[in-house]
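>>> model this:
(one chain, ligands or ions: 1)
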Amino acid sequence: MKKSVCKIALFSDPHFSVDSKEREEKWFPPLCNIMPKWMTRKFLKFWDDFTQRAFANLLMHLGAFAPFDLVIGCGDYTPGTNERGMITNESVQQYKTFEKVYNTALGHVPKILVWGDHDIGYKFDVSAKTGVKIGTEAGGVTTYSVARAEELIGEPFGVLDIGFKKFVWISTNLIRNVGINSDKELRVLQKMQEDFVERILHEAIDGEVVFLLHDPTAINLYEGIGLLLRVNTNKIEAVLHGHMHARWFAKLMRVFYKPYRQFCKLFPVYVIPASWGMLGIGKGFGVMEVFFDETIELHRL
Ligand SMILES: [Fe+2]
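Numbers count the residues shown, from 1 in each chain. I've put the predicted structure just below:
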């Protein structure tokens with residue numbers, strides 16, 4: 001029997017929602033606007049209960065595999081204020097409630113928590129590409145949202161050596177949502193992340209690196225970190241990501257979205273399902289073991 005070095009719990013995108021208010025920036029403000037107030041309240045209550053139940057269910061099932069040596073989250077822990085990150089007191093409280101729930105269930109196990117879109121803010125600009133507006137498109141990454149995420153979640157990028165592997169996490173928001181118009185502080189952080197990935201990949205040996213990130217579609221394979229990944233595929237054992245919420249949705253993306261299809265051709269890519277899946281379908285989590293013989297096994301339920 002193979003000897004395990006480390007057993008890891010993987011989860012993603014719980015969007016753990018507490019005490020939602022109509023005035024908060026949500027994916028569904030237009031829906032809230034056209035519904036009567038009583039129906040909006042009911043809907044928000046349903047949403048809060050739904051995400052909380054889904055996460056409790058995930059923690060219960062994960063418990064069957066415990067104890068873990070490490071917990072990895074691939075982002076979108078709460079809705080935050082959605083497109084602006086966790087910049088309000090209510091969203092900070094919401095994150096703290098989420099943190100309390102998983103610490104109670106999993107114990108104070110070491111964690112790598114990757115930053116997701118809702119954790120520091122995002123701007124997809126879908127309307128510019130497709131003509132269809134999703135959300136308010138008024139958000140984005142700011143120095144304030146980044147400071148909140150650093151304080152609450154942890155570092156945006158880093159590396160942890162486990163057995164013979166290097167687990168490297170990065171923030172895909174810093175890649176897509178920081179540009180020439182962003183604050184200098186954010187551009188410096190973006191450059192630091194790129195330099196960090198360059199150094200890691202330069203020093204790594206074949207098959208040594210496992211990347212953890214939120215949204216692979218934020219990565220352009222022809223520049224910056226994307227280019228570094230593309231020219232160092234031999235050093236990358238796997239990429240684990242969140243964002244797509246369910247394996248069935250990731251499969252659809254592979255077929256219909258060329259940038260993701262190209263990304264998946266470079267190395268083994270695994271989506272960590274959300275606790276409530278996509279549209280309620282395909283919910284799940286992962287349990288991964290790193291063995292002494294340098295292999296990784298990923299079980300998804
Ligand atoms: Fe998500």
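>>> For Ile296, give its distance to Glu208.
Relative to Glu208, Ile296 is positioned 11 Å away (CB to CB, to the nearest Å). For glycine as for every other residue, the C-beta is placed from the backbone atoms N, C-alpha and C.
>>> quick one: common contacting residues for those two?
Contact criterion CB atoms under 8 Å, 6 or more residues apart in numbering; residues shared by Ile296 and Glu208: 165, 237.
>>> Next, the spatially most central residue of the chain: secondary structure please.
Residue closest to the average C-alpha location in the chain (CA atoms, centre = their mean): Gly75, at 2.4 Å. Under DSSP: H, G, I helix; E, B strand; the rest coil, Gly75 falls in the coil class.
>>> Would you check how far apart it and Leu58 are?
15 Å.
>>> can you tell me which helix in this structure is longest?
The residue-count maximum for a helix in the chain (DSSP state H) belongs to helix 37-63.
>>> Which residue ranges of the stretch 201-301 of the chain form strands?
Using DSSP state E, counting those that start in this stretch, the strands of the stretch 201-301 of the chain run over 209-213, 236-241, 269-271, 286-291, 296-300.
>>> is any part of the third one close to the ion?
Spelled out, that is strand 269-271. No - shown here: strand 269-271 not in contact with the ion (CB under 5 Å from the ion), separated by at least 11.1 Å.
>>> In terms of secondary structure, what does that strand contact?
With contacts defined as 3 or more CB pairs under 8 Å, 6 or more residues apart in numbering; DSSP states H and E, the packing partners of strand 269-271 are strand 236-241, helix 247-256.
>>> Could you dump the ones you listed into TSV with mean pLDDT added?
Below are the helices and strands packed on strand 269-271 laid out as TSV (pLDDT from 0 to 100):
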stretch	mean pLDDT
strand 236-241	96
helix 247-256	96
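>>> Out of these, flag the one nearest Met278.
helix 247-256 (4.4 Å; CB to CB).
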